Each structure stands twice: as structure tokens, then as C-alpha cells.
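Novice: Sequence and predicted structure, then a few things I'm wondering about:
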Amino acid sequence: MSGLRIFGQDLTARELRERTGDPDSVAGIRQIELSNGVERGVRAVQLRSAAGFEVDVLVDRAMDLGAARYRGVPVGWRSGNGFRHPGLHEHNDEGGLSWLRALDGLLVSGGLDHTLFGGEVDATGYGYPPKPAVTHGLHGRLTAIPARLLEATEVWDGDRCVLRVRGEVIQATSFGEHLRLTRTVELDFDGLELRLHDVVDNLGFERTPHMFLYHLNFGWPLVDEGTEFVAPITATTWCSDSVAEQGVSYRTLPGPQPGFVEQVFEHQVVADESGRSRVALIRADGSLGVEVAWDAATMPAFFEWQNLRSGQYAIGLEPSTHAVAGDAAARADGSMTWLEHGESRTYRTTIRVLDGPEATESVRATIRRTGGQPEENPR
């Protein structure tokens, strides 16, 4: 389609402008600043498409994704933490688990030099004798670093328009890592697909470890009793002890559970012919779903996080550069990504809203053509 699809009509850019003095009346981009409570002072950019998909990019939270709605219905998860100002973050509190106090919204990224559970790892490569090792918390330092906003604009090309936000996040310390994340977030003016394009490069002159993870979080009403997780899975290589103890299905979800202990699965997901891994969440009645797709070569690991506790109730879909054993294990087995000065890694991920049974069944069929999945939990 060469033009715009808006409220059931196919329009050119000229025809749209004939009908409104400002296209922002139907879709657009807006910079805001949150101003109350723990969120006070956090800059954000709101993307709003004519199809009804709205996403907030949290500039001061590493360009992560906050609230997300489709036609007013929440798609992303809200934990109750709020989008805390990064100045409130305490990296070393609670045995390195203070990251959990920053966990809220559609996307919370892990990285840039560490993801997964914390611990102490060698830092002698940085050549600073007073710091022979570095201690990491859960999922690293990235989420509490403000970005430098580079671009927030509508990009018109003939009759097509893209809503684009771009920023860079620097994770650096003297005598340590000096990594940069450049993130571009795009949403078509009339679209339902959000595109993430991330580039991580090493600005420093020491060989530096790099790990990266997307904690993509979805909540009610997309997540509800009977919601199905659909993925082409060949094997589940690891799961938390709570899976055997509780036995809640990885595939078909129950309603909220009082006192539920998080369940985590590491699945081997088959890539399609284009090299993309593709998974989906679909409501029991097929009325609503979401598809997540990413480049399998750059993020070969994938986790499913179930937080089905009453008052929390969410599913996390987590493409990752590294397996669950984490930082120290990756260094030991040779799977750690090391970046020399000027080297970079690129990541491309899409999040697409699926509206109605036709859209959800089409995605289910596409995934099934790539591969099946087990009915039951691994034993």
C-alpha cells in the first residue's frame, strides 16, 4: 500500500491534510516530562499511530518502553513500581536485586556489559590494580542511565510517514567499560508494529564484555486465563525449580495465583527462513495478541518469565545474547561477546499488535510452519 490507512479509509498525504489542519489529530509524536511521585523529572516521548497503538519511550530510562496501549487497552505490563527517576536507583541494594524496583513497562533492557543474575567477575583487563574485580547486580546497570535524545520527529516520504525516536545511552566508568547504546524506535503513522534498532559499540580502548537482554513485559487483559504462548520450540534447556513445584503450564496460562513463585524457562526457539525468531501471546478467544520477532543470530537465547502472582500478573518474553548460566559461565566456556575498540553489535526487534481472530490465527499459522512446540512442561 502506497498511501495511509486511517479510520478505514485509504488516503494520500494530501488527502489527509485536506481533512485536518494538523495530522497530529490522528497520529503523531510528542515530548513530555513526568512530574509527580517517583517519576518526577523523567523525560518521555509518546508515539501514537492512527491505528490506535500508543507507546511511551522513556528517554531518562535508557530509551526503554513504558506504557503501551492499543485503542486505549493496555498491552504492556505495569508492575506498580512506576517509572522511577534514575536518581532513585540503588545498584547495590538488596544483594544486587534492586533492579526489581525499576522493573515496569513494556521493555526494560538488560546490559550493556552484564545481564542475568549478579556476581563478581574479573576486571584486571582494565588495568586498574585497586579494582581487580567488578560486582554486578541483576541485569546490569543500563536501565538507570538517562539517554541523550538525538531525534524525535515525523519522517515523511511521499504518502508514507514514520514516527521516529532516536537516542544514545553511555555506560562508562574511569578504568572500566565505555559502551554506547544507540537506540532507534519507529512506528508507522498508521501502523501496529513497533521496530527497535539497537547498536552497541565500544568507545573505550580496552577489550570489553558485552551482554544484552530485552525484558519485554505483557499484562492484563492480553495476559489472562487461557492466554496461549505460541512458539516454535525444539527443547527447553533449563527451567526454575518452581516449575516442578507448582506445575503451572508454560503454554496455557491460568488466572492470577496468590503467592505464585516466578517460573522461568529457557527455550530453544527455531528461526524462520529469514533468520528471525518469532513468538506470540494470544488471548483464549483470539481477540487480541502480540507477536515479538528478532534476529536469531544476534540473540540466540530466549527466556519465558511467568510472574502470575496476584497483583503482579505478567508474562515476560526475553530474547537474550546469552544463556541462563550468565556472565562467569560465558567467560569460562568462550561464549562471552568481547568488543574491541570501535567494534559494535546490531539488534533488530519488532513488537506487533494482533487485532482480532484473523490476525492472531495468521501469526499462529506462520509460527507453526516454522515448528511445533510441546504440549506439557519439561520433566
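Specialist: Sure, I can see it.
Novice: In this protein, where is pLDDT below threshold?
Specialist: The model of the chain has pLDDT under 70 over residues 1-2.
Novice: ranges for the helices of it?
Specialist: In the chain, the helices defined using DSSP state H lie at 13-19, 241-246, 327-333, 357-370.
Novice: Export these as JSON lines, with columns for distance to Leu47 and mean neighbour count.
Specialist: The way it works is simple: take the backbone N, C-alpha and C, and place the C-beta from them, glycine included. JSON lines is the format used below for the helices of the chain (distance: least, CB to CB, whole Å; neighbours: other CB atoms under 10 Å):
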{"stretch": "helix 13-19", "distance to Leu47": "18", "mean neighbour count": "14"}
{"stretch": "helix 241-246", "distance to Leu47": "36", "mean neighbour count": "14"}
{"stretch": "helix 327-333", "distance to Leu47": "33", "mean neighbour count": "15"}
{"stretch": "helix 357-370", "distance to Leu47": "20", "mean neighbour count": "16"}
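Novice: Nearest to Glu206, out of the ones you listed?
Specialist: helix 327-333 (15.1 Å; CB to CB).
Novice: Mind putting the helices of the chain into JSON lines with distance to Asp285?
Specialist: Output for those, formatted as JSON lines (distance: least, CB to CB, whole Å):
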{"stretch": "helix 13-19", "distance to Asp285": "34"}
{"stretch": "helix 241-246", "distance to Asp285": "26"}
{"stretch": "helix 327-333", "distance to Asp285": "42"}
{"stretch": "helix 357-370", "distance to Asp285": "8"}
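Novice: Indicate which one of these is closest to Pro209.
Specialist: Comparing the helices of the chain by CB to CB, helix 327-333 comes nearest, at 7.3 Å.
Novice: residues touching Arg368, list them.
Specialist: Neighbour list for Arg368: Pro232 [criterion: CB atoms under 8 Å, 6 or more residues apart in numbering].
Novice: Equivalent analysis for the one 3 residues further on, please.
Specialist: By CB under 8 Å, 6+ apart, Gly371 lies in contact with 232-234, 270.
Novice: circling back: of the helices of the chain, which is nearest Phe265?
Specialist: Among those, helix 241-246 sits nearest to Phe265 (CB to CB), with 7.1 Å.
Novice: Can you tell me which of the contacts of Gly371 is closest to Leu339?
Specialist: Closest to Leu339 out of these is Val270 (28.2 Å), distances taken as CB to CB.
Novice: Quick one: neighbours of the closest one, just the number.
Specialist: Here the count is done by other CB atoms under 10 Å, and Val270 has 17 residues near it.
Novice: Find the residue closest to Glu193 in space, skipping its chain neighbours.
Specialist: Of all residues not flanking Glu193 in the chain, Arg352 sits nearest, at 4.2 Å (CB to CB, 6 or more residues apart in numbering).
Novice: thinking again about what came up before, which one of the helices of the chain lies nearest to Leu281?
Specialist: Of the helices of the chain, nearest to Leu281 by CB to CB is helix 357-370, at 9.5 Å.
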